[in-house]
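Visitor: fold the following and give me the result.
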Amino acid sequence: MNTRIIGAALAAVLVVAAAAACSRESTGGSGAPAAVNVGNGAADGVLVGADQPRSDTDFWSAYAGYLGPKAAAAGVKLENTSSDNDANRLKSNVDTLLAKNVKSLIMAPQDTAAVKPALTAAAAKNVPVVSVDTRPDAGGAFMVVRADNRAYGTNACVYLGETLHGAGKVVEFQGDLSSINGRDRSQAFADCMRTRYSGIKVIEIPTDWKADRAVSGLQDKLLTDSDINGIYMQAGGAFLQSTLALLQRSGKLVKAGQPGHITIVSNDGIKAELDAIDNGDIDATVSQPADLYAQYAVYYAKAATEGRKFVPGPTDHGSVIVDAGNGQLEDQLPAPVVTKNGGKVGDMVTVASNDPGLWGRGH
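Guide: Numbering: from 1, shown residues only. Sure thing, here's the model as predicted:
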């Protein structure tokens, strides 16, 4: 599908967060992912401000890589900034973009409560905002481009519950609970485990999306609960490599299908996760659509400048717009569960990890 292929790099680019310090682990090897060139889109297109939320995971690096080509295809010119997971910097960047007379804004606020001042500043200038991946707590965006994050938690629960036959101990790396994504995934996972798999003990490890906190917590729990047989990682881009490294050091990285294997479910859909599924190191992931996030962020940002209106219901691109409350519309894009061979797990349909339609296979 040609919308899932990144075009050739554009001549004018912005290196996002090239010098930003990073304490989190990359999913593509040791250290942080390389800085990504974010294309400027169409030279004569409608001017849209785009803030990159962070550059410390392969997921967000992939999103940044898609954004310029998607903008070019849509006739949108990008003015880029990077907030590096800092709500104050996001507000400052929005002020800068508004001063450049952008016609709309694309952002992905990591703290969904602290984004309110940035949204207020945009509203004061009558500049519509598209929020990607996260939904502002109090509303205020023209459209949210996101997948159903409660489904992420529920699907991870179902995979673990069915695979472990409803028994055992599962560690959950919780995302930052100041983010709607962390809350949705955590609450849905907990609700599903409590109501459907009460024989499984869930060990929650708060992480704030930081790999060092996840690994430190898991290391402690492996000492006190040596019979842990499942892990739910709410963000493979943040947690994958450091988790596998710890399990390797601890003698607990056992291939799928062999006695002693710890069943691992992740969220993101990056290439490193798909490869880890192929290798038998982890078992499943939810493919969060980085390519479609970029494509429809640009689509709605341009639509907002044209005065277009949207209502809840099915779209023409395989998703559903829902009323998320606070006057907020959310386009919930598809995010399939991926396993090695595909097929059903309980009543849940999964996609094979070698499926060429997965965006993670495009890298």
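
Visitor: use CA for all of it now, contacts and neighbours both
Guide: Noted.

Visitor: right, and the helix or strand after the one helix or strand residue 265 maps to?
Guide: Using DSSP states H and E, residue 265 sits within strand 263-268. Later in the chain than strand 263-268, the nearest helix or strand by DSSP H and E is helix 271-279.

Visitor: okay, the angle between that next one and strand 263-268?
Guide: Angle of helix 271-279 versus strand 263-268, following axes from the mean of the first three to the mean of the last three CA atoms, to 10 degrees, is 150 degrees.

Visitor: which residues touch the strand holding residue 265?
Guide: Applying CA atoms under 8 Å, 6 or more residues apart in numbering, the external contacts of strand 263-268 come out as 59, 152, 156, 159-160, 163-164, 229-237, 256, 273, 281-289.

Visitor: kindly recompute the last result at 6 Å.
Guide: 230-236, 282-288 (CA atoms under 6 Å, 6 or more residues apart in numbering).

Visitor: could you report the distance from the closest residue to residue 322 other than its chain neighbours to residue 244?
Guide: Excluding the flanking residues, the one nearest residue 322 by CA to CA, 6 or more residues apart in numbering is residue 312, at 4.9 Å. Separation of residue 312 from residue 244 (CA to CA, to the nearest Å) stands at 41 Å.

Visitor: picking that back up, can you tell me which of the contacts of strand 263-268 is nearest residue 85?
Guide: In terms of CA to CA, no member of these lies closer to residue 85 than residue 235, at 15.1 Å.

Visitor: from residue 178, how far out is that closest one?
Guide: 15 Å.

Visitor: what do you get for residue 144?
Guide: Distance, residue 144 to residue 178, using CA to CA: 17 Å.

Visitor: do residue 126 as well
Guide: For residue 126, the distance to residue 178 - CA to CA - is 27 Å.

Visitor: cool, residue 56 as well?
Guide: Residue 56 is 18 Å from residue 178, by CA to CA.

Visitor: who's more crowded, these two?
Guide: residue 56 (26 against 15; other CA atoms under 10 Å).

Visitor: and the pLDDT at that one?
Guide: The per-residue pLDDT reported for residue 56 equals 81.

Visitor: one more: residue 256?
Guide: Reported pLDDT for residue 256: 97.

Visitor: can you pull out the strands in the stretch 51-200 of the chain?
Guide: Counting by DSSP state E, counting those that start in this stretch, the stretch 51-200 of the chain has strands at residues 76-82, 104-107, 129-132, 143-146, 168-174, 200-206.

Visitor: now the ones you listed in TSV, with mean neighbour count, distance to residue 300 and mean pLDDT?
Guide: As requested, the strands of the stretch 51-200 of the chain are exported to TSV (neighbours: other CA atoms under 10 Å; distance: least, CA to CA, whole Å; pLDDT from 0 to 100):
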stretch	mean neighbour count	distance to residue 300	mean pLDDT
strand 76-82	24	11	97
strand 104-107	28	9	98
strand 129-132	27	7	98
strand 143-146	28	7	98
strand 168-174	23	30	98
strand 200-206	18	34	98
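
Visitor: right, so of these, which gets closest to residue 335?
Guide: Nearest to residue 335, of all those, is strand 143-146, at 9.5 Å by CA to CA.

Visitor: helices or strands up against the closest one?
Guide: In terms of contacts (3 or more CA pairs under 6 Å, 6 or more residues apart in numbering; DSSP states H and E), strand 143-146 is packed against strand 129-132, strand 329-332.

Visitor: related to what we said a few turns ago, residue 312 and residue 244: which has the busier surroundings?
Guide: residue 244 (17 against 13).

Visitor: what sits closest to the more buried one if chain neighbours are left out?
Guide: Counting by CA to CA, 6+ apart, the residue nearest residue 244 is residue 253, at 6.9 Å.

Visitor: so that neighbour: helix, strand or coil?
Guide: Recorded secondary structure, residue 253: coil (DSSP: H, G, I helix; E, B strand; the rest coil).

Visitor: then residue 220?
Guide: Under three-state DSSP, residue 220 falls in the helix class.

Visitor: where's it relative to residue 134, distance?
Guide: If you go by CA to CA, the gap between residue 220 and residue 134 works out to 31 Å.

Visitor: neighbour count winner among those two?
Guide: residue 134 (22 against 10).

Visitor: so where do the helices sit in the stretch 201-350 of the chain?
Guide: 211-224, 236-249, 271-279, 290-305 (DSSP state H, counting those that start in this stretch).

Visitor: how far out from the middle of the chain is the shortest one?
Guide: A distance of 17 Å separates the centroid of the chain from that of helix 271-279, by CA atoms, centre = their mean, to the nearest Å.

Visitor: and the last one, by the same measure?
Guide: Between the mean C-alpha point of helix 290-305 and the mean C-alpha point of its chain there is a distance of 16 Å (CA atoms, centre = their mean).

Visitor: in terms of secondary structure, what does it contact?
Guide: Against helix 290-305 (3+ CA pairs under 6 Å, 6+ apart) you get helix 58-74.

Visitor: circling back to that earlier point, now the helices and strands packed on strand 143-146 in JSON lines, with distance to residue 95?
Guide: As requested, those are exported to JSON lines (distance: least, CA to CA, whole Å):
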{"stretch": "strand 129-132", "distance to residue 95": "13"}
{"stretch": "strand 329-332", "distance to residue 95": "24"}
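
Visitor: kind regards, and thank you for your time.
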